[in-house]
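A.B. asks: Here you go, sequence then predicted model.
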Amino acid sequence: MENQNKIEFILNELIANHKTSEIPKYFSKDYVVHTSKKDYSGHKIIGKWSKDLHNFFSDLKVVKIQFLLQTDEFIVWKRTLRGKIKPSKNKNLRPGRLIKWDEMIVSKFKNGLIIEEWNNSEFLGALISKPK
């Protein structure tokens, strides 16, 4: 399976199907993701990310995947996600409000698995912006 297809498949499993069982087939056990605040490692962070999104949003969907650049080792890509805020204790977040945000990702592959990623997300900006 080509690396682009791997990204599409695992993202579909994590978001649309809410299944984490395929994580070891697509991510190295030495996986690391770098965000603007912190680095995270291991398979557990991927499962936690998926679970947190599903706990926070209903109707969570991958709206678009756009592959921007690819080499044998790297893929630069962008994903657009969308979901409706679920009711929570946070009074500042209106349940049912639709949030849509983009994330830019650089995925590094080694031996057919994603070993490292750099993720830049617009999630918080979309979340705290005033609805139109």
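C.D. replies: Cool, got the structure.
A.B. asks: Strands along this protein, start to end?
C.D. replies: All strands of the chain, identified by DSSP state E, fall at 27-34, 39-41, 57-70, 74-85, 98-110, 113-121.
A.B. asks: The second one packs against which elements?
C.D. replies: Translated: strand 39-41. Applying 3 or more C-beta pairs under 8 Å, 6 or more residues apart in numbering; DSSP states H and E, we find strand 39-41 packed against strand 27-34. In this view, the C-beta of every residue, glycine as well, is placed from N, C-alpha and C.
A.B. asks: Which per-residue confidence value corresponds to the residue in the chain sticking out farthest from the centre?
C.D. replies: No residue in the chain sits farther from the centre than K91, which is 25.6 Å out by C-alpha atoms, centre = their mean. For K91, the model assigns a pLDDT of 71.
A.B. asks: what's the answer for I85, then?
C.D. replies: Looking at I85, the pLDDT reads 93.
A.B. asks: what is it paired to in the beta sheet?
C.D. replies: Counting by DSSP bridges, I85 forms beta bridges with F57.
A.B. asks: doesn't K100 make contact with it?
C.D. replies: No. Using C-beta atoms under 8 Å, I85 is not in contact with K100; the gap is 11.8 Å.
A.B. asks: So if I had to pick from those two, which one is more boxed in?
C.D. replies: A side-by-side neighbour count of I85 and K100, using other C-beta atoms under 10 Å, places I85 first with 17 against 13.
A.B. asks: buried ones in stretch 56-73?
C.D. replies: Neighbour-count burial for stretch 56-73 flags F56, F57, L60 (criterion: 16 or more other C-beta atoms under 10 Å).
A.B. asks: before we move on, what about stretch 76-94?
C.D. replies: For stretch 76-94, the neighbour count (16+ other C-beta under 10 Å) marks W77, R79, L81, R82, G83, K84, I85 as buried.
A.B. asks: what do you get for stretch 111-118?
C.D. replies: By 16+ other C-beta under 10 Å, the buried positions in stretch 111-118 come out as L113, I114, I115, E116, E117, W118.
A.B. asks: Also stretch 19-27?
C.D. replies: Of the residues in stretch 19-27, T20, I23, Y26, F27 count as buried by neighbour count, 16+ other C-beta under 10 Å.
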